[in-house]
Structures are given as structure tokens and as C-alpha cells.
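Peer 1: model the following, please.
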Amino acid sequence: MLTKVFAAAVHGIDAITITVEVNVFSGVKFHLVGLPDNAVKESQQRIESALRETGYRVPGKKIIINMAPADIRKEGAAYDLPLAIGILVASEQIKTDKIDKYMLMGELSLDGTLQSVKGVLPMAIKAREEGFEGFIVPKANAKEAAVVNNLKVYGVDSIAEVIAFLESKNDLQATEVDTRADFLAQSTNYLHDFADVKGQESVKRALEIAAAGGHNLLMIGPPGAGKTMLAKRLPTILPPLSLYEALETTKIHSVAGNINKDTSLMHTRPYRSPHHTISDVALVGGGAYPQPGEISLAHNGVLFMDELPEFKRQVLEVMRQPLEDRQITISRAKFTVSYPAGFMLIASMNPCPCGFYNHPERECTCPPGAVHKYLNKISGPLLDRIDIHIEVVPVSFAEMNTQQLAEKSIEIQKRVINARNIQEERFKDVEGIYSNAQMNSKQLRTYCTVDSSGAKLLKIAMEKRGLSARAYDRILKVARTIADLNNQETITDQHIGEAIQFRNLDRDNWGN
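Peer 2: Sure thing, here's the model as predicted:
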């Protein structure tokens with residue numbers, strides 16, 4: 001008897017419907033075709049044990065299973081459940097008229113219980129698009145899939161529950177999630193707060209400007225100055241995720257298998273901090289079976305790269321294209337996948353190998369030229385994509401010992417949201433531009449109107465401080481954001497002056 005069961009495969013961060021065709025007839029041998037990987041091929045042993053423990057069996061006949069479309073590679077053990085149900089229906093061990101109404105996914109244990117699988121959210125979205133009545137998944141994945149409305153999601157513990165449901169011997173309780181209420185309740189649930197940071201007012205101001213304009217930022221300072229602590233608090237002042245951004249972010253983490261059983265939708269902006277030993281593939285994504293990399297897992301959030309010069313140069317160079325395009329495309333001989341990569345890059349570094357160049361109290365022990373050589377580990381094109389450079393100096397004892405609380409993240413966030421709203425209105429008719437940091441030369445001429453005093457100050461700074469030509473655009477972008485924070489349309493000398501202070505590495509005398 002021939003039967004069809006429906007499942008899904010993840011391609012990039014989207015899903016494709018997979019039709020599992022099972023035919024059982026006289027003969028011997030088990031054939032599984034349709035480009036399955038080793039994990040799918042090994043399903044025969046898991047299915048055989050699970051069915052035996054549940055009171056069923058794999059028939060002693062010829063079984064041919066085709067997973068269509070056959071030119072898409074099927075990966076992982078998530079196909080165990082649809083394969084097992086297909087075998088039972090095709091061998092007439094169970095009778096049901098529901099099989100074409102549901103999509104099924106789940107990994108079988110040897111005793112018939114179901115284990116969680118990756119990529120359930122994009123699969124649920126696909127199930128709704130294809131018009132399926134419901135989606136049957138392991139209970140650990142039920143909340144994640146239930147984010148999708150107008151689709152009945154059933155979380156089950158074992159294949160026995162699925163069989164009883166398909167034969168109408170029992171009813172399953174659909175998992176329901178009030179996505180909007182749950183999201184709004186958790187959208188500001190951060191562990192960190194800028195109120196915890198003593199001193200460092202200039203750095204906090206730089207981070208506020210970076211958050212308001214979507215600017216990439218580099219902090220330079222000695223060990224223990226607070227660079228990592230400050231970076232961890234940046235997501236707390238970014239605008240809260242919209243429902244669309246939360247769904248997009250959750251899809252990426254679902255594909256990567258980072259969603260736990262108690263999570264329905266990611267509520268807060270991601271913060272990723274890879275170690276400097278990371279490979280280029282782990283950073284941008286890819287591999288034999290492509291997975292999202294750290295830059296995609298940081299989509300709609302922050303990618304923090306601590307000790308930037310210690311990363312391998314090849315790793316840093318592969319970030320140049322994603323920083324511009326906000327997505328990464330991975331091409332292989334037989335397929336191409338794209339992952340979103342719209343992240344804010346926050347990096348930190350010591351000013352020199354010993355870490356104490358420009359330290360107010362300790363003397364740098366590096367030989368002549370070492371500071372410049374250390375900085376040159378970061379290529380010019382990558383440094384060119386970082387708008388703000390800020391020096392972080394150690395906090396004095398008096399500042400650390402003060403009992404006065406610093407400004408809370410929620411207060412800073414209000415100013416950031418207001419500036420982002422101004423930019424949203426400004427760029428509403430410009431496709432692909434969402435923040436000041438993304439402006440090109442044409443938009444700079446259109447939207448960065450500088451008054452006479454501001455233009456004069458910028459000219460003096462370029463000449464006297466030896467600022468590079470590439471710093472010109474960056475200063476205008478940052479000044480535009482500062483003006484937005486002040487609710488001013490025209491860029492003045494005050495805005496230009498503050499923006500110039502955030503280009504420390506463009507000084508000709510830095511490191512000499």
C-alpha cells in the first residue's frame with residue numbers, strides 16, 4: 001500500500017515541505033531514497049525499536065521510502081516520526097484519514113519517546129502557508145511552534161500518543177501561546193543595567209550615540225577598565241524588538257537549535273561574544289551542512305568582539321561584506337543559502353601589547369613602533385566600517401566609591417528610541433536604509449546639512465588633527481545622530497565637535 005506523510009526541511013532560515021512517500025509490498029529489504037544523510041539512514045534501527053516497544057513492528061516485506069523533492073538533502077533525526085507513521089499506515093497496522101491534514105516532525109528514542117528537534121519555528125510557518133490543519137511535534141518544541149497563529153500545534157511525548165490521535169482514540173490538547181502578551185511582558189527583561197556602571201560617562205555617551213544611530217564602535221583601553229562590562233549593557237538601551245524582529249531572530253536561533261523548551265519567542269536583543277580563537281566558518285556560518293554563524297545569531301542585536309587584534313586576520317576580513325550588506329550568502333557547488341546579519345559590531349582592544357599605552361598611572365613597556373604595529377593587525381577596510389573610536393580609561397577610586405546611582409538604562413533608551421523614530425521618518429522613502437550608520441555619500445549630502453560654524457570646525461579638525469579623509473563621512477554620520485538625539489535638524493559646531501572626539505584612531509600621531 002502506498003501512503004504519503006508530510007514533514008519539512010530547513011533551507012537557510014526558511015522551510016521546505018517534504019513529502020515522505022512509503023510503499024510496502026511483497027519482498028524483502030528496506031530502501032530509503034531522496035538524498036538522506038547518515039542520521040536519516042540510521043532511522044531504520046530507531047524506528048524498529050520504537051515500534052516494537054509500542055506494540056507494533058516493521059513489516060517483514062519490501063519497504064521503499066522516497067523523500068521528495070529528491071534533490072534537497074535531508075539532514076538529522078527529525079524525520080523519524082513521519083517515517084515511522086508512514087510505515088504503519090502503508091502496512092495497514094493503523095487506519096486513519098487524518099494523515100494528510102498534519103505535518104509531523106520528531107526524533108524517536110528506542111523506547112518510542114520523542115526528542116526535541118531544530119528549526120521547528122520555520123517549519124510551523126511553512127505548515128500554515130501550505131494549509132495544514134495542524135503540526136505535531138515533540139512536547140519540548142511545542143511552545144516554539146505555537147508562536148504561529150492559525151495553526152494547531154500538538155506537543156506529544158511519544159509515538160504512541162500520535163498513533164492514538166491519528167486513529168481517533170484520544171484527543172490531543174493544542175498548545176496555545178498569547179504571543180503578544182508574552183512578548184510585551186518580557187521585552188525589557190535584561191539582567192544588566194547602565195545604573196551599575198560607576199564613572200565612564202564619556203564611554204556611556206558614545207554607546208548611547210552608537211545605539212541611536214546603529215553605529216559600530218571600538219573601545220580602546222587597558223585591562224580592567226570596564227570595556228566588556230559596558231558592552232554587555234548596550235542591548236539594554238537599544239529599542240525593544242518589534243514582533244517582526246523577534247520572529248525573525250527566533251527563526252535563526254531555532255535553526256541553530258538554541259531555543260529551549262520554555263521559550264516561545266525571543267524577547268530581548270541577542271548579545272553574542274565569540275572567543276578570539278573562532279574560525280571564519282563559525283563566525284559567518286557555513287560548513288558541510290550550513291548553519292548560521294555568530295554574525296547571524298547576533299542579527300537584530302550586538303556582536304561583541306573582545307580583544308579585536310587577537311582574532312585571526314582572515315576571520316576579521318570575512319566580516320567586511322556582512323557589515324555592508326546586512327546579510328551573508330554562503331555558496332556551495334549544489335546550493336546557495338543566505339542568512340540575515342544585521343548586527344551592531346562592538347569591539348574592544350588594548351591600546352598596545354602590554355596594555356598600558358596612554359595609561360594615566362602605569363607606564364607602557366612596549367618597544368618603539370609596537371603600538372602602531374599592534375593596531376595594524378586590524379585592516380584599514382574593517383576599521384573604516386567602525387564609526388566611533390573611544391578611549392576607555394580606568395575609573396578612579398573616588399568614582400568607584402561614590403554612592404550616587406548612575407542613570408538607568410530605561411532613561412537612556414527613551415532618548416535612543418526618540419532618535420530612531422526621527423531616522424525612521426527620515427528614511428521612510430529610502431529602501432534598505434534604516435539608520436544613520438547606513439547612509440552613503442548621496443544620503444550624506446541630502447540629510448547632513450551643516451551650518452557655517454560646524455563646517456568651519458570640521459575643516460580645522462581635518463587640518464590640525466591630521467584626520468584621514470575616510471573620517472570625514474564617519475564624523476558627519478555620528479554628528480547627524482547627535483543632532484537627532486538633541487532633536488535638531490541642522491548639524492551645528494557642537495555636534496561636529498563631539499563627533500570629532502570619537503575618531504581617536506584617525507589622528508596621525510596615534511601610536512607614534
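Peer 1: any low-confidence regions in this structure?
Peer 2: For the chain, the stretches with pLDDT under 70 are 179-180, 182-189, 397-398, 400-401, 403, 468-469, 506-512.
Peer 1: work out which residue lies at the spatial centre of it.
Peer 2: With the centre of the chain defined as its mean C-alpha position, the nearest residue by Cα atoms, centre = their mean is L297, 2.5 Å away.
Peer 1: how close does it get to V153?
Peer 2: According to Cβ to Cβ, to the nearest Å, L297 stands 24 Å off from V153. From N, CA and C alone the C-beta is placed, and that goes for glycine too.
Peer 1: next one: K261
Peer 2: For K261 relative to V153 (Cβ to Cβ), the value is 13 Å.
Peer 1: and these two? which has more neighbours close in?
Peer 2: V153 (24 against 13; other Cβ atoms under 10 Å).
Peer 1: and the more buried one, that one's in a strand?
Peer 2: Yes - membership of V153 in a strand is supported by DSSP: H, G, I helix; E, B strand; the rest coil.
Peer 1: ok, it to N260 distance?
Peer 2: Distance of V153 to N260, given as Cβ to Cβ: 17 Å.
Peer 1: swap in Y271?
Peer 2: Distance, Y271 to N260, using Cβ to Cβ: 17 Å.
Peer 1: look at those two and report which has more neighbours.
Peer 2: Comparing Y271 with N260 by other Cβ under 10 Å, the one with more neighbours is Y271, at 21 against 10.
Peer 1: so what sits opposite that one in the bridge?
Peer 2: Assessed by DSSP bridges, Y271 has beta-bridge partners V302.
Peer 1: how is this structure carved up into domains?
Peer 2: 2-166, 186-428 (automatic domain parsing).
Peer 1: just say which of those domains is most tucked in.
Peer 2: Per-stretch averages of neighbours, counted by mean count of other Cβ atoms under 10 Å, single out domain 2-166 among the domains of the chain, with a mean of 20.
Peer 1: quick check: end-to-end length of that one?
Peer 2: 17 Å (Cα to Cα, to the nearest Å).
Peer 1: quick one: distance of the helix or strand harbouring I209 to the chain centre.
Peer 2: In the assignment (DSSP states H and E), I209 maps to helix 201-213. Relative to the centre of its chain, helix 201-213 is centred 22 Å away, using Cα atoms, centre = their mean, to the nearest Å.
Peer 1: that helix packs against which elements?
Peer 2: Helices and strands touching helix 201-213, by 3 or more Cβ pairs under 8 Å, 6 or more residues apart in numbering; DSSP states H and E, are strand 217-220, helix 227-232, strand 344-349, strand 388-391, helix 409-426, helix 470-485.
Peer 1: now the angle from that helix to helix 470-485?
Peer 2: 80 degrees (axes from the mean of the first three to the mean of the last three Cα atoms, to 10 degrees).
Peer 1: and the contacts of helix 201-213?
Peer 2: Residues outside helix 201-213 that contact it (Cβ atoms under 8 Å, 6 or more residues apart in numbering): 194, 197, 215-217, 219, 226, 230, 233-234, 237-238, 344, 346, 387-388, 390, 392, 406-407, 412, 415-416, 419-420, 423, 435-437, 477-478, 480-482, 484-485, 501-502.
Peer 1: let's go with 7 Å and repeat that
Peer 2: 194, 197, 215, 217, 219, 230, 234, 237-238, 344, 388, 390, 392, 412, 415-416, 419-420, 435-437, 477-478, 481-482, 484-485, 502 (Cβ atoms under 7 Å, 6 or more residues apart in numbering).
Peer 1: please apply the same query to stretch 123-136.
Peer 2: For stretch 123-136, contacts defined as Cβ under 7 Å, 6+ apart pick out 6, 8, 15, 17, 101-105, 145, 148, 150-154, 156, 162.
Peer 1: likewise for stretch 46-61?
Peer 2: For stretch 46-61, using Cβ under 7 Å, 6+ apart, the contacting residues are 24-27, 80, 83-84, 87-88, 91, 93, 108-112, 159-160.
Peer 1: one more time with 6 Å
Peer 2: Residues outside stretch 46-61 that contact it (Cβ atoms under 6 Å, 6 or more residues apart in numbering) are V24, D80, A84, S91, Q93, L108, L110, D111, G112, I159, A160.
Peer 1: skip the chain neighbours and tell me the closest residue to the last one.
Peer 2: Spelled out, it's A160. T54 (5.0 Å; Cβ to Cβ, 6 or more residues apart in numbering).
Peer 1: just checking, what packs against the longest strand along the chain?
Peer 2: Criterion DSSP state E: the longest strand present in the chain is strand 14-25. Counting contacts by 3 or more Cβ pairs under 6 Å, 6 or more residues apart in numbering; DSSP states H and E, strand 14-25 packs against strand 2-11, strand 62-68, helix 80-90, helix 120-129.
Peer 1: which residues of the stretch 351-500 of the chain fall in helices?
Peer 2: Along the stretch 351-500 of the chain, the segments classed as helices by DSSP state H, counting those that start in this stretch run 370-375, 380-383, 397-401, 409-426, 441-447, 452-464, 470-485, 493-500.
Peer 1: closest to V120 out of those helices?
Peer 2: The closest of these to V120 is helix 409-426. By Cβ to Cβ, the value is 31.6 Å.
Peer 1: what is the closest one packed up against?
Peer 2: Against helix 409-426 (3+ Cβ pairs under 6 Å, 6+ apart) you get helix 201-213, helix 470-485.
Peer 1: same thing but 10 Å
Peer 2: Packed against helix 409-426 by the contact rule (3 or more Cβ pairs under 10 Å, 6 or more residues apart in numbering; DSSP states H and E) you find helix 201-213, helix 441-447, helix 470-485.
Peer 1: would you turn those helices into JSON lines with distance to E42?
Peer 2: Putting these into JSON lines (distance: least, Cβ to Cβ, whole Å) gives the following:
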{"stretch": "helix 201-213", "distance to E42": "48"}
{"stretch": "helix 441-447", "distance to E42": "54"}
{"stretch": "helix 470-485", "distance to E42": "53"}
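Peer 1: out of the ones you listed, which is closest to F356?
Peer 2: Minimum separation from F356 across the helices and strands packed on helix 409-426 (Cβ to Cβ) falls at helix 201-213, 18.1 Å.
Peer 1: now the closest one and helix 409-426, what's the angle there?
Peer 2: Using the same axes, to 10 degrees: helix 201-213 against helix 409-426 is 40 degrees.
Peer 1: how close does R445 sit to Q488?
Peer 2: Distance from R445 to Q488, by Cβ to Cβ: 18 Å.
Peer 1: overlap in contacts of K261 and V153?
Peer 2: Jointly contacting K261 and V153 under the rule Cβ atoms under 10 Å, 6 or more residues apart in numbering are N141, A142, K143, E144.
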